[in-house]
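Participant: Dropping a prediction and its sequence here:
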Amino acid sequence: MQELTADAAIELRGIEKSFGSVHAVRGASLRVERGSITGIVGENGAGKSTLMSILYGLHRADAGEILIDGKPVEMASPRDAIDHGIGMVHQHFMLIDSFTVLENLILGAEGGALLAGGLAAARAELGRLAGEYGLAVDPDARVGDLSVGEQQRVEILKVLLRGARILILDEPSAVLTPQETDRLLQILRLLRDRGVTVVLITHKLREILAVTDKVIVMRRGEVVAERRTAETRADELAALMVGRKVRFDLDKGPSRQGETMLAARHLSLVDGRGIRLLDDISLEVRAGEIVGIAGVSGNGQTELLQVLSGIRPPTGGEMEVCRRKVDAAHPADPAEMRALGVAHVPEDRLRQGLVPDFLASETSILGYQDREPFCHNYLMDGPAVGKYCADLMERFDVRPRTPGLRSANFSGGNQQKLILAREMARNPKVLLVGQPTRGVDIGAIEFIRRELIRSRDAGCAVLVVSVELEEILSLADRILVMFGGRIVGEVAAGEADERALGLMMAGARAA
Amino acid sequence: MEETLTLVVATLAATLRVATPLVLCAMGGLFSEKSGIIDVGLEGKMLMAAFFAAATASLTGSAWAGVGAAILAAEMFALLHGFACITHRGNQVVSGIAINILAMGLTVVLGTAWFGRGGQTPPLAGMERLNPIFFPVAGDNILVYVALLSVPFAWWVIERTRFGLRLRAVGEVPLAVDAAGISVSWLRYRAVLICGLFAGLAGAYLSIAQNAGFSRDMTAGQGFIALAAIIFGRWRPVPAFAACLAFGLLDAIAIRLQGVKLPGIGEVPVQLIQALPYLLTLFLLAGFIGRTVAPKAAGVPYEKEH
């Protein structure tokens, strides 16, 4: 036992953590060997990020022990973790956009009361690390001007610059293109070979299988399994994560396409500062098909959904929605779009899809609140709304089935199911869906995708925007790729291959 | 010719005199705002400082004791603001307004109770005031020079020191500062205290240097004008300083113009002239400067998730 402990860089024993009534981590114990890459997988809310935040000193454990290099340590704040050689790359980057790369790198490790010395030292060290690990970035660039992949490199450099021997990455590939992800995985291998211990938190099994030595599976706050990566497979891990068998391949029949319900011709959108957000977008969605829009986040998908749903009028071009023409001179607001039969499940659930403080029953009629039977003569009919919501919850398996609960108190997956239920219950002619399964657990992902396909089979024209390529590939009948506000490629689902799509998403090639 | 020169010099000197409290206030406010703490309470802090400076100078006979009391009074209010906004994550604007109201009332109540002159302090003279150093006519007392030096000092601290880097960072992304192992609260408290120090000096200037005693509401919105100068200067020391000078110049010209008949216009009403700096403030804030570049986290209390 003594010997086993000695080669563990990190050992957690019986970690417990509750937030109010939520028991986030339940007696989790795990070991991470020195100089290895260990993956931690689990659904959203399984406790993996919380566990790592405890290790990094951002949260304090209610009970349990943390051992670094076999010695028990106290992690009261990130300072302690940094002092023990632990560095963390957070899911949401801890970078300051208005700072240069160098300024970001030295924040917290300035090396003296004046900046000049620290900046010079960091510049020299940066040159060395860039050579050693292939982590090149321009030290004087403003971080806000860098691509997401480069920003992540800055985060990793920040950790290395502090001499960290243990590197924790929280969902590092969530914002990257497949190529950038491959590049990241290469860097991680290189780091391991130089003796750095890497912990990778992710829900992407492909990365786990590609790069880790060992996988730890968490479910509902507990460590439920541990496998050598070489001895496991994706379906086994997925089953362990959700506690049952999960099917990735949706059995979806061929699409039976009807007439065009949504068409855009040369749509463009220029904002107040003259920046072209959408550029010459032409697309068609027919009844009974799912068109998927792939792309790295921030390439105009958000704006496209806003224009198509009537939130923002286009500045050029026109679109035809259920035979109504819309252009800059004849805009249609979201209410009119809804009346035409366009339903919209927005990307940003918490800001556009629902009001967190509203009850679930109120969320379930948001946007339809002035219609019968919810409202007569300017007065809301509470019981009717509650009954309607309960019915939707039953049909779309929203849990808990409590119409009187605040929307914010539902998990991401159940909020999404509720919004989807609201929009699909009206049998729309056109369904616009942004990031259908972002922040949604695996069980709900399967359900949501099935519902989208059911909607397609019922003759709805469905447009899905997602940054998850795998999602687009499994749902769409036709795939459009967006880059820099333009549609740079179109591929039929059968002919799509991930690599070619990835290149298009990175703007490297137009098809 | 010589007359024109005298007029120009006199106007410039007046500009500097009027701009001094604005500059001090703006530099102090800059530190606070850079750290993410909006300080609407500059006005109140300055007013408290002005009162305690005059009261202490009058009671002790020492201008320096007055300066010390002014700083102390402003710091108390700065700590109050910090306690409400940093420790208890309260609304920064509400806290600032509360401080202004409190200062307005407290100075009058204490003034009436202690001196019984309708809220005024007894007139100060001699060593009870900060007197001009080189040019008696220009009114170049020590605080004018402190104000001038505070600008390069603020720039240097914010741009060239570790504290400045962290200060800028905490006003943008406090979570990043926390994750780097630096205390968000302690950084912000220090920023608020620096702000109190400068507001204290500005207040002392008003009552024991520029004027010979405290009169009720003597700050007359200068704290807000300083705030406008910060915004107009886009949260950078040198442009904020320039904005303060612009306000000062406007004020100096307004004083010159009083009672003067302009050709073709006639005598400009005093009220209009006195309203000029405030009109400029409104004009600037209302949209002339367009999209501002405030520190991203300004006004947002820092809370860890859970």
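Facilitator: Now that the structure is in, tell me what you want to look at. Everything quoted here is computed from the prediction, not taken from an experiment.

Participant: Name all residues that make contact with the residue in the stretch 51-200 of chain B that chain A sits nearest to.
Facilitator: When scored by Cβ to the nearest Cβ, the stretch 51-200 of chain B has residue B:180 as its residue closest to chain A, at 2.9 Å. Quick note: C-beta positions are derived from backbone N, CA and C, even for glycine. Under the criterion of Cβ atoms under 8 Å, 6 or more residues apart in numbering or on different chains, the contact partners of residue B:180 comprise A:78, A:82, A:94, A:107, A:108, A:109, B:169.

Participant: Can you tell me which of these is nearest residue A:182?
Facilitator: residue A:94 (24.1 Å; Cβ to Cβ).

Participant: what about that closest one, neighbour count?
Facilitator: As a burial measure, the neighbour count of residue A:94 was computed by other Cβ atoms under 10 Å in any protein chain shown and equals 21.

Participant: that's a helix at it, yeah?
Facilitator: No - for residue A:94, which was evaluated using DSSP: H, G, I helix; E, B strand; the rest coil, the result is coil, with no helix membership.

Participant: separation between it and residue A:264?
Facilitator: Using Cβ to Cβ, to the nearest Å, residue A:94 is found at 38 Å from residue A:264.

Participant: phi, psi of the residue in the stretch 201-350 of chain A that chain B sits nearest to?
Facilitator: Evaluated by Cβ to the nearest Cβ, the stretch 201-350 of chain A has residue A:273 as its residue closest to chain B, separated by 8.6 Å. Main-chain dihedrals, residue A:273, degrees, to the nearest 10: phi -90, psi 10.

Participant: Remind me what the longest helix seen in chain A packs against, helices and strands.
Facilitator: When chain A is scanned for its longest helix (criterion: DSSP state H), the result is helix A:115-133. With contacts defined as 3 or more Cβ pairs under 8 Å, 6 or more residues apart in numbering or on different chains; DSSP states H and E, the packing partners of helix A:115-133 are helix A:101-106, helix A:148-161, helix A:178-193, helix B:162-172.

Participant: I'd like the distance from it to the chain centre, please.
Facilitator: Distance, stretch centre to chain centre, for helix A:115-133: 32 Å (Cα atoms, centre = their mean, to the nearest Å).

Participant: what angle separates that helix from helix B:162-172?
Facilitator: An angle of 70 degrees separates the directions of helix A:115-133 and helix B:162-172 when computed by axes from the mean of the first three to the mean of the last three Cα atoms, to 10 degrees.

Participant: hey, C-alpha coordinates of helix A:115-133 in PDB?
Facilitator: Only the C-alpha atoms of helix A:115-133 are listed here, as PDB (Å, rounded to 0.1, in the frame of the first residue of the first chain):
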ATOM      1  CA  LEU A 115       6.100  44.600 -13.900                       C
ATOM      2  CA  ALA A 116       9.100  45.200 -16.100                       C
ATOM      3  CA  GLY A 117      11.200  42.300 -14.700                       C
ATOM      4  CA  GLY A 118       8.400  39.800 -14.700                       C
ATOM      5  CA  LEU A 119       7.400  40.700 -18.200                       C
ATOM      6  CA  ALA A 120      10.900  40.200 -19.500                       C
ATOM      7  CA  ALA A 121      11.300  36.900 -17.700                       C
ATOM      8  CA  ALA A 122       8.000  35.700 -19.000                       C
ATOM      9  CA  ARG A 123       8.900  36.600 -22.600                       C
ATOM     10  CA  ALA A 124      12.100  34.600 -22.400                       C
ATOM     11  CA  GLU A 125      10.400  31.600 -20.700                       C
ATOM     12  CA  LEU A 126       7.600  31.800 -23.300                       C
ATOM     13  CA  GLY A 127      10.200  31.500 -26.100                       C
ATOM     14  CA  ARG A 128      11.600  28.300 -24.400                       C
ATOM     15  CA  LEU A 129       8.200  26.700 -23.900                       C
ATOM     16  CA  ALA A 130       7.100  27.600 -27.400                       C
ATOM     17  CA  GLY A 131      10.100  25.700 -28.700                       C
ATOM     18  CA  GLU A 132       9.800  22.700 -26.400                       C
ATOM     19  CA  TYR A 133       6.100  22.000 -26.700                       C
END
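
Participant: So the residue of chain A found nearest chain B: helix, strand or coil?
Facilitator: Of chain A, the residue with the smallest distance to chain B, taken as Cβ to the nearest Cβ, is residue A:108 at 2.9 Å. Per three-state DSSP, the secondary structure class of residue A:108 is coil.

Participant: do you know how far the nearest residue to it once chain neighbours are set aside is from residue B:42?
Facilitator: Nearest residue to residue A:108 in three dimensions, chain neighbours excluded: residue B:180, at 2.9 Å (Cβ to Cβ, 6 or more residues apart in numbering or on different chains). Note on residue B:180: its distance to residue B:42, by Cβ to Cβ, is 30 Å.

Participant: what's the answer for residue B:236, then?
Facilitator: Distance of residue B:236 to residue B:42, computed by Cβ to Cβ: 18 Å.

Participant: cool, and residue A:169?
Facilitator: Separation of residue A:169 from residue B:42 (Cβ to Cβ): 44 Å.

Participant: between these two, which one's more packed in?
Facilitator: Shown here are residue A:169 and residue B:42; by other Cβ under 10 Å, residue B:42 has more neighbours (35 against 24).

Participant: thinking that one is in contact with residue B:229, fair?
Facilitator: No - between residue B:42 and residue B:229 no contact is recorded; they are 10.6 Å apart, counting by Cβ atoms under 8 Å.
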